[in-house]
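Asks: What follows is a protein structure lacking sequence information:
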């Protein structure tokens, strides 16, 4: 209780100060989270939520509802361990490496002298859990001269990094070249501003037997550059240590993918976020395995018991791109309680594979292809954005028996807006799945309120998805 009050006082007094940035604030918050017991009663949850800032309480309360609580605590402690390790890295003689969400962190985990910090995960934690929800850091980025149309997932973290006395990496890996220009350019700016090296992984758009070897060659070049920078050889034993753990987590993710196919959908909606949050930050660790195992076990239990929070499953939805993270309760949990199953979103299209651990070469090849298949890299950075994106959506829509797709329309991603209508038309033409195009910002609530998003999703499902389903039944009956 004392820790909570201290945190509340600190956020009230220092949250706007230049020496209290996003990383400091989230790591302080998760020091509290890591102290929570593994099992909590409703009264204990209520007591904790009462002594933390309102917006922090709102984010955590969405995860700590009874049907999610056990797994949420495991996930939150996994993220807490990641933040604690990142904070302690300099004290242990390790270099912190800023990586984008579309780069496998396990390659950095394999080095004894390095630790990966995923930029978009930092921003998302800030938006979900902090008082002010990251908006002050977005404003800092604009104050530094960055345009207001840049991606808030990068601007929140970059604004804090450049506008406050906060976390600073010793190196940057840029792996979003050609798929996310904002990520690439903002991190290039940080590299130039602080004078730290940036290591670039270039991806050819040629998704053939000619393109893959070139990408693997580029990946090996990156590994060689990291070995030189860290002054450490990435041995076969070090690689195998993390790849075996990554393989176990990938096997569990594949098992969860299979469970998604069940009707009604037994996987809680928020597990979509938990899955890629774990993948982007902690793959290759014991904590990732524990978190994935907990999600699989809970989903299996719900499947066996026929548990579903609504009276019936009304619609099975795939979000075709990112989600909205500023109000988890009124998106993920609200949809589930309406009977709108949130089967996954574009960031769940991770295409996990089990890597051959025979030797160093097989493991490096496998890690390279994991990087190739990361979200956005695979679709937006593919040979044809619309076709690569569409083919992946069609595949999972069929696999998971989706009734509809929802495009979040994140305001920064102009490249995806340029093909969203093509994707929407082809989803209908090919598999008769309608897609709703929303407008908003995934990380900023001030662009489109969650109430507007709820209304549009509700009207779309009631006026488009359900009549289409009834119409199909009538046609079948007449036939």
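Replies: Thanks, I have the structure now. Bear in mind the structure is a predicted one, so any value in this text is a computation, not a measurement.
Asks: quick one, what contacts residue 411?
Replies: If you count contacts by C-beta atoms under 8 Å, 6 or more residues apart in numbering, residue 411 has them with 149, 439, 440, 441, 447. C-betas here are computed from N, CA, C, even on glycine.
Asks: so which of the residues you listed comes closest to residue 304?
Replies: Nearest to residue 304 among the contacts of residue 411 is residue 440, at 36.8 Å by C-beta to C-beta.
Asks: now the residue nearest to the closest one when sequence neighbours are not counted: how far from residue 231?
Replies: Distance criterion C-beta to C-beta, 6 or more residues apart in numbering; nearest residue to residue 440, sequence neighbours excluded, is residue 448 at 3.5 Å. Counting by C-beta to C-beta, to the nearest Å, the gap between residue 448 and residue 231 amounts to 48 Å.
Asks: Please name the nearest non-neighbouring residue to residue 241.
Replies: Sequence neighbours aside, residue 110 is the residue nearest to residue 241 in space, at 6.9 Å (criterion: C-beta to C-beta, 6+ apart).
Asks: Just to check, that neighbour is in contact with residue 246?
Replies: No - under the criterion of C-beta atoms under 8 Å, residue 110 is not in contact with residue 246, lying 9.7 Å apart.
Asks: What residues sit buried inside stretch 126-145?
Replies: Counting neighbours by 16 or more other C-beta atoms under 10 Å, one finds that the buried residues in stretch 126-145 are 126-141.
Asks: Helices along the stretch 251-400 of the chain, start to end?
Replies: Assigned by DSSP state H, counting those that start in this stretch, the stretch 251-400 of the chain shows helices spanning 271-282, 286-305, 334-338, 360-372, 385-399.
Asks: and those helices as CSV, adding mean neighbour count, distance to residue 120 and mean pLDDT?
Replies: CSV is the format used below for these (neighbours: other C-beta atoms under 10 Å; distance: least, C-beta to C-beta, whole Å; pLDDT from 0 to 100):
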stretch, mean neighbour count, distance to residue 120, mean pLDDT
helix 271-282, 26, 7, 97
helix 286-305, 19, 17, 97
helix 334-338, 19, 22, 97
helix 360-372, 20, 16, 96
helix 385-399, 18, 19, 92
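Asks: Compare the ones you listed and give me the one nearest residue 210.
Replies: Each of these has some distance to residue 210 by C-beta to C-beta; the shortest is helix 360-372, at 13.5 Å.
Asks: That closest one to helix 271-282, inter-axis angle?
Replies: Relative orientation of helix 360-372 and helix 271-282, computed by axes from the mean of the first three to the mean of the last three C-alpha atoms, to 10 degrees: 130 degrees.
Asks: Packing partners of helix 360-372?
Replies: helix 211-230, helix 236-259 (3 or more C-beta pairs under 8 Å, 6 or more residues apart in numbering; DSSP states H and E).
Asks: Show me the contact partners of the longest one.
Replies: Same thing as helix 236-259. Defining contact as C-beta under 8 Å, 6+ apart, one finds that helix 236-259 is touched by 104, 106-107, 109-112, 266-267, 271, 275, 278-279, 283-286, 288-289, 292-293, 295-296, 299-300, 303, 350, 352-355, 357, 359-360, 363-364, 366-367, 370, 399.
Asks: so where's the stretch 1-150 of the chain uncertain?
Replies: Along the stretch 1-150 of the chain, the model assigns pLDDT under 70 to residues 1-19.
Asks: can you map out the strands along it?
Replies: Taking DSSP state E, counting those that start in this stretch, the strands of the stretch 1-150 of the chain run over residues 95-99, 114-118.
Asks: My read is that residue 169 contacts residue 98, right?
Replies: Yes - when contacts are counted by C-beta under 8 Å, residue 169 is listed as touching residue 98 (4.0 Å).
Asks: Tell me which of the strands of the stretch 1-150 of the chain lies nearest to residue 332.
Replies: Shortest separation from residue 332 across these is recorded for strand 114-118, at 20.6 Å, computed as C-beta to C-beta.
Asks: Okay, angle between that closest one and helix 271-282 too, please.
Replies: Computed by the same axes, to 10 degrees, the angle between strand 114-118 and helix 271-282 is 150 degrees.
Asks: Starting from strand 114-118, tell me which strands it pairs with and how they run.
Replies: strand 95-99 (parallel) (DSSP bridges).
Asks: Since that was my last question, I'll sign off now.
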